[in-house]
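[1] Fold the following for me, if possible:
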Amino acid sequence: MPNSQIRIYTQKEQGEEWLRRYRGCLPVFACVLGFTETALISGISSAGRTPEDRKYTACADAEFLYYGPEHKAQYPLPPLAAGASPVLISRAVFESLNIPVHLFNAGLPQPPAVPVIDLGGSPAKCLSGGAAMEITTVHHLFEQGLLWGERLAGNIQQGYLIVGECVVGGTTTALAILTGLGIDAAGKVNSSHPVCNHAQKWALVQAGLEKMMGSRRHLVGGREQGEINLQSSIQNRSTERSRSPKSQIQNSVDPLKLVAAVGDPMQVVVAGMAIAASRSCGVMLAGGTQMLAVYALISAIAQAYTLSWQPEAVVIGTTRWVAEDPTGATVDLALSLGKGSLTQSGGIPPLLATHLSFADSRYPQLRAYEQGFVKEGMGAGAACIAAHLSQSWLQHQLLAAIEAQLERLSTAFD
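    Sure, this is the predicted structure:
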């Protein structure tokens with residue numbers, strides 16, 4: 001293995017080849033911020049102690065990532081039941097390595113207090129209603145993702161693009177997307193809780209998918225039959241001419257309509273970015289369950305809309321707390337992506353994880369990660385992988401840089 005600090009859990013050869021190719025290269029980081037009202041349900045997420053806190057988590061994380069601990073934040077990092085925001089990890093690496101950061105607002109309840117690219121989206125309603133977003137919004141956000149993926153990749157000469165996210169409640173919308181695409185994902189997703197709240201997530205997903213199906217005029221085997229309407233704006237962003245106004249995929253859901261029903265605004269933006277960027281550079285999808293759902297979505301969209309992309313250019317990068325979560329089944333979920341009829345075009349992605357440990361940290365907030373709290377977010381795992389890849393950072397260097405961020409934060413306004 002090119003680096004003992006990185007473990008490859010699936011598609012080992014492809015993962016090793018990707019790591020070899022980008023060893024010594026610095027990435028560009030794009031972080032897509034979004035919101036789903038699913039986050040307001042009591043107990044759904046621990047990324048913010050109360051529903052009110054969770055409204056501002058993405059804004060707070062974005063502000064910390066951009067300005068660092070000494071900045072007097074308009075949106076301070078929210079209190080957590082345990083642990084500390086994973087943005088401390090991302091900020092430590094990106095600041096130390098001087099990695100460019102681009103923040104995108106795909107749909108937040110309020111604008112963040114940082115320079116951000118507003119994509120003209122809107123927050124999603126709770127997925128349990130089966131009508132999370134307008135289909136026109138989803139099409140627009142996907143088009144924006146394609147546009148920005150192309151733009152970002154166009155400025156990358158030899159490196160790669162990391163695409164991260166911040167969507168509180170996003171593992172539940174991820175479960176909905178995976179299930180809607182025919183992937184057996186129940187009981188396999190992760191959460192910010194030490195023990196995943198699978199039953200709560202599954203009840204919401206079932207309610208949302210049932211309402212979505214009930215609104216369709218014709219169902220066969222639980223899926224819509226008929227044509228997938230191709231929107232001209234999406235065709236125009238493709239580098240090749242789409243075949244037909246009628247999809248050759250029958251008895252299947254339109255993946256963009258699925259996002260409109262039970263998804264969140266981040267998912268289609270990242271899918272579009274990865275499709276476009278993969279054509280000319282490497283892409284690391286930064287996260288666990290949420291990025292596995294995005295990868296499945298990429299495969300389904302590319303298949304349904306006849307869009308070219310390069311699956312071998314795309315890997316998923318996360319933390320070992322996600323990859324080895326005993327209350328989820330992340331590796332099994334990654335392997336399942338190659339089995340779905342709608343997601344076969346992408347096959348199984350390489351799942352990589354940093355072996356960062358907080359077991360010896362002097363801070364209880366960081367040691368909480370070892371008990372299963374928080375686990376991942378804001379590109380934390382991918383940031384550590386980037387530090388290993390570009391600078392050969394070892395465990396002690398990562399830990400020192402992350403603890404320094406927490407120390408600066410705790411003393412900034414004494």
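[2] Let me see the ranges of the helices in the stretch 251-400 of the chain.
    For the stretch 251-400 of the chain, applying DSSP state H, counting those that start in this stretch gives helices covering 255-262, 265-278, 289-305, 320-323, 330-336, 364-367, 380-391, 395-411.
[3] and among those helices, the most buried is which?
    Using mean count of other C-beta atoms under 10 Å, the stretch among those with the largest mean neighbour count is helix 265-278, at a mean of 30. For the C-beta atoms, the positions are set from N, CA and C on the backbone; glycine is no exception.
[4] For Val195, the count of nearby residues, please.
    Neighbour count for Val195, taken as other C-beta atoms under 10 Å: 11.
[5] And the one 3 residues further on, by the same measure?
    Using other C-beta under 10 Å, His198 has 16 neighbouring residues.
[6] so which helix or strand takes in the residue lying closest to it once chain neighbours are set aside?
    Take His198 and drop its neighbours on the chain: the residue closest to it by C-beta to C-beta, 6 or more residues apart in numbering is Gly187, 5.1 Å away. If you go by DSSP states H and E, Gly187 is not part of any helix or strand.
[7] which residues sit in contact with Gly187?
    His198, Trp202, Gly328, Ala329 (C-beta atoms under 8 Å, 6 or more residues apart in numbering).
[8] looking at these, which has the most residues close by?
    Busiest of the contacts of Gly187 [other C-beta under 10 Å] is Gly328, holding 25 neighbours.
[9] I figured that one was touching Val189, is that so?
    Yes. Look at Gly328 against Val189 with C-beta atoms under 8 Å: they come within range, at 5.8 Å.
[10] Could you grab the helix/strand/coil label for the residue lying closest to Pro350 once chain neighbours are set aside?
    Closest residue to Pro350 apart from its sequence neighbours, by C-beta to C-beta, 6+ apart: Gly15 at 3.4 Å. Here Gly15 is helix, with the state taken from DSSP: H, G, I helix; E, B strand; the rest coil.
[11] give me every residue that touches Gly15.
    Neighbour list for Gly15: Ile8, Val315, Pro350, Leu351, Leu352 [criterion: C-beta under 8 Å, 6+ apart].
[12] Show me which of the residues you listed is closest to Leu335.
    Leu351 (8.9 Å; C-beta to C-beta).
[13] Report the separation between that closest one and Thr172.
    Per C-beta to C-beta, to the nearest Å, Leu351 is found 20 Å from Thr172.
[14] Between the two, which has more neighbouring residues?
    More crowded of Leu351 and Thr172, by other C-beta under 10 Å: Thr172, with 31 against 28.
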